[in-house]
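Colleague: Sequence plus predicted model, see below.
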Amino acid sequence: MSETTTTASAPPVLPAMRASLRGYWSDARPAQRLAYVAGAVLIAVGLAHGVAWLVVGGSAEGPLSWRKPSTFGVSFGLTLITVAWVSQFLALSERALRATLGVLVVSFVIEVAWVSVQHARGVASHFNDSTALDEAVFVAAGVVVVFALIVIGFYALRSFTSSTASASMTLALRAGLLILFVSMGAGLWMILRGAAFDLEPATVGAAGSIKLIHAVGMHAIQVLPGLAWLASFGLLVERQRHHRVGLAALGYVLLVTHTAVLALLGIGPGSAGLAKATLGAAGVACLLVAGAAVLVSLRSRNPQRAAG
């Protein structure tokens, strides 16, 4: 198939995007719709805690901070919605889709509910063995992380063997799912350090942050497939879209690698010297350049640009 650019007669970008989003919902299978709804509920829970945090105030640190239920709700909700969206490109049978998305819905709902309920009780959620109940729910939360990690790993493998998406979206899926797998693996690593090895869960050495690996990597699954989706509406041929998504994927890999190297060296993100910060800066630069190139292609397609 020959590569062609989008013509000037193409419909405006925003209506095309809205139509695409409506199509994803109307074409979604029941398991995907369930995941979309569950993800939206989790985001609402996180935002509600965020609003309460603004009203009540308080520190962003500590086991009883409002930050924890706020970020857990929003992050897990966004991740559930995005993974349900990209699952349509993995050629899954109805049975496999129900099983895998069902595991993710249950796992993510348990994670957010556990953190929220423990916060409401005024007790720590993580590494809390002060009572038999607190210890039991913490162990249960750790177990569901393992099941969720297995599903993400399965999806990552499917993206290499059975993707039905374009080359640019396939690249975004592969990179996004693999980085998400690393991120969730970092979360499991923290649990094992604290629960199994009696080490400081989130800190290696003096100030190396495992939590930062987890936080940075968690959202590659939104950024990279989201960029590929945006690029599909611009004046770019598939080869150009693939190059831009590839640059963004490289940037994200560099950024996650940077956080992992600092963590393993026991260096805090604010303490890295110029040489150690170069890798992360290069990653951010790649992401910004790729994103800017996609946005320029969208602006070029908009027929109102000439009249602006």
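Modeller: Sure, I can see it.
Colleague: ok, which stretches of this structure are strands?
Modeller: Taking DSSP state E, the strands of the chain run over residues 203-204, 208-209.
Colleague: Indicate which one of the ones you listed is closest to residue 170.
Modeller: Of all the strands of the chain, strand 208-209 sits nearest to residue 170, with 31.7 Å by CB to CB. From N, CA and C alone the C-beta is placed, and that goes for glycine too.
Colleague: returning to what we had before: so which of the strands of the chain is the most surrounded?
Modeller: Across these, averaging neighbours per residue (mean count of other CB atoms under 10 Å) puts strand 208-209 on top, at a mean of 22.
Colleague: name the helices or strands packed onto it?
Modeller: The helices and strands touching strand 208-209, judged by 3 or more CB pairs under 8 Å, 6 or more residues apart in numbering; DSSP states H and E, are helix 238-265.
Colleague: Run through the protein and note the low-pLDDT ranges.
Modeller: 1-11, 272-276, 300-308 (pLDDT under 70).
Colleague: what residues go with each domain of it?
Modeller: The chain breaks down by automatic domain parsing into domains covering 25-164, 198-303.
Colleague: Could you export the ones you listed as JSON lines, including distance to residue 180?
Modeller: What follows is the domains of the chain, written out as JSON lines (distance: least, CB to CB, whole Å):
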{"stretch": "domain 25-164", "distance to residue 180": "6"}
{"stretch": "domain 198-303", "distance to residue 180": "5"}
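Colleague: and the strands of the chain as CSV, adding distance to residue 31?
Modeller: Formatted as CSV, those follow (distance: least, CB to CB, whole Å):
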stretch, distance to residue 31
strand 203-204, 38
strand 208-209, 35
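Colleague: So for residue 178, which of the domains of the chain sits nearest?
Modeller: Comparison of those against residue 178 by CB to CB identifies domain 25-164 as nearest, at 5.2 Å.
Colleague: what residues are up against the spatially most central residue of the chain?
Modeller: Compute the mean C-alpha point of the chain, and by CA atoms, centre = their mean the closest residue is residue 219, 2.6 Å away. By CB atoms under 8 Å, 6 or more residues apart in numbering, the contact list for residue 219 reads 75, 78, 79.
Colleague: So which of the residues you listed are in helices?
Modeller: Judged by DSSP state H, helices contain the following of those: 75, 78, 79.
Colleague: one step back: quick one: which of the strands of the chain is nearest residue 29?
Modeller: Counting by CB to CB, residue 29 lies closest to strand 208-209 out of the strands of the chain; the figure is 38.6 Å.
Colleague: and the closest residue to residue 32 other than its chain neighbours, how many residues sit next to it?
Modeller: In space, and not counting its chain neighbours, residue 32 is closest to residue 84: 4.7 Å by CB to CB, 6 or more residues apart in numbering. When neighbours are counted by other CB atoms under 10 Å, residue 84 registers 26.
Colleague: doesn't residue 36 make contact with residue 84?
Modeller: Yes: judged on CB atoms under 8 Å, residue 84 makes contact with residue 36 at a distance of 5.8 Å.
Colleague: For the contacts of residue 219, give me TSV that also has neighbour count.
Modeller: TSV is the format used below for those (neighbours: other CB atoms under 10 Å):
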residue	neighbour count
75	22
78	19
79	23
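Colleague: Just name the closest of those residues to residue 236, please.
Modeller: Closest to residue 236, out of all of the contacts of residue 219 and judged by CB to CB, is residue 78, at 25.8 Å.
Colleague: what's the nearest residue to the closest one if we skip its chain neighbours?
Modeller: Closest residue to residue 78 in three dimensions, ignoring its sequence neighbours and counting by CB to CB, 6+ apart: residue 222, at 5.9 Å.
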